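Visitor: Structure for this input, please:
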Amino acid sequence: MAHDDDIALLRAADPVPRDGARFHGRALPAHAERQLNLLLADAPAARRRPVRQVRRLVWGIEMVSLAVAAALALVLAGSSTPAAAAPRPLVLRAGSTPQPLDRIADRAAAAAAAGGAPRLRQGTHVRTWSLAMASGPGASPPVTLPEERVTRWRADGSSTELVVATDPRHPGRPVIADGPDGPRTVADGKVLSDRSYPPSWGTAPPRSRPPHTPGALRAYLAELGHPGDRTPLTGTGELLDAVAMLQRHWTPGARESAALARILADADGLHPAGAVTDRLGRTGQAYVYETTGLRRMLILDPASGAVIGLEDMVTTSDRTYGLKAGDVLSYSAWLR
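Guide: Presented below is the predicted three-dimensional model:
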């Protein structure tokens, strides 16, 4: 959840970046962008106990709305890439047969044992949508800032990050091509930032390399969810948060995906729901976890067990913030 300190930092942000970032077009000041990324991209870590905390679930709504308003004014003013309305929830394919997670885990393990490809890779390629709202008279309607982000690490520990605003007029069309020469923009997505970072190393998750056996990976995910201690994850909601955090730093390989599928197969309350076509046009198997007021849909590649998507949707209306049952709070679509 955001705090007053975050908003003060946004308001006082220095318009001249000092961290070596390279910007194209009108982008957020460095400090403001870091805060926005914390509020939007890293928000799943705060989503632990819905609906009693729907207000917390949408990330300290009043505070986030200020950050998003600043982002929209600075990033999208005069741009051909406007903020988009929240996407509709994904719809299960009529008549599709739900596949048990045990079956997916067995299939993923067989695929990993047969060839071992693809390999684990540090860095990610992801499309995200994140809802931000405000309450009270005259409040702006909910908005979404859709982004596509590619992070890549080099052998010397340095990294690059390219972030673009996706084009709402062409939903599902990737705007970053991640080729052998590195990521480059395609189509007409607006570049928000193009950064290079100096070498950085760490021995704890998420910097340390994820293991590829279920027991060791479960412990790794627990440390992601509870940094600095060895407290086990307390439920499926925390497990899904940790999975999303893992996928924001690493692209799992075949062995890691197989281990993760086995962990998910053992999770309580994660039910097979059927086939779904995600927002990038890919076919996946959906697994749903519901708590009071919130539905979380995890999407797996049925052949490899790889996590390709996660959608959070409210199932209970909240008039204070204009939330309606069926509104999507966030969605991530991971690419390889």
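Visitor: got the residue ranges for the helices in the chain?
Guide: 4-11, 30-40, 54-57, 61-75, 101-114, 214-225, 236-247, 254-265 (DSSP state H).
Visitor: got any ranges where this protein has weak pLDDT?
Guide: Along the chain, segments meeting pLDDT under 70 span 1-86, 132-144.
Visitor: Can I get the longest strand anywhere in it in CSV? Just the C-alpha atoms.
Guide: Determined from DSSP state E, the single longest strand within the chain is strand 121-132. In CSV, the C-alpha atoms belonging to strand 121-132 read as follows (Å, rounded to 0.1, in the frame of the first residue of the first chain):
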residue,chain,number,x,y,z
ARG,A,121,16.7,-17.2,-18.0
GLN,A,122,17.2,-14.2,-15.8
GLY,A,123,15.0,-11.3,-16.9
THR,A,124,11.4,-11.2,-18.1
HIS,A,125,9.1,-10.1,-21.0
VAL,A,126,5.7,-9.3,-19.7
ARG,A,127,2.5,-7.4,-20.6
THR,A,128,0.6,-5.9,-17.6
TRP,A,129,-2.6,-4.0,-16.9
SER,A,130,-3.2,-2.4,-13.5
LEU,A,131,-6.3,-0.7,-12.3
ALA,A,132,-6.2,2.4,-10.2
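Visitor: angle of that strand against helix 236-247?
Guide: 120 degrees (axes from the mean of the first three to the mean of the last three C-alpha atoms, to 10 degrees).
Visitor: Tell me which residues of strand 121-132 come out buried.
Guide: Buried residues in strand 121-132, counted by 16 or more other C-beta atoms under 10 Å: 122-132. Every C-beta, even on glycine, is put in place using the N, C-alpha and C of the backbone.
Visitor: can you check stretch 311-330 too?
Guide: Neighbour-count burial for stretch 311-330 [16+ other C-beta under 10 Å]: 311-314, 318, 321-323, 327-330.
Visitor: if you look at those residues, which of them are in strands?
Guide: Judged by DSSP E, the subset of the buried residues of stretch 311-330 located in strands is 311-314, 328-330.
Visitor: about what we covered before: and the buried residues of stretch 311-330, which is closest to Tyr197?
Guide: Tyr197 has its nearest neighbour among the buried residues of stretch 311-330 in Ser330, at 25.1 Å by C-beta to C-beta.
Visitor: and the closest one, how far is that from Thr97?
Guide: According to C-beta to C-beta, to the nearest Å, Ser330 and Thr97 sit 28 Å apart.
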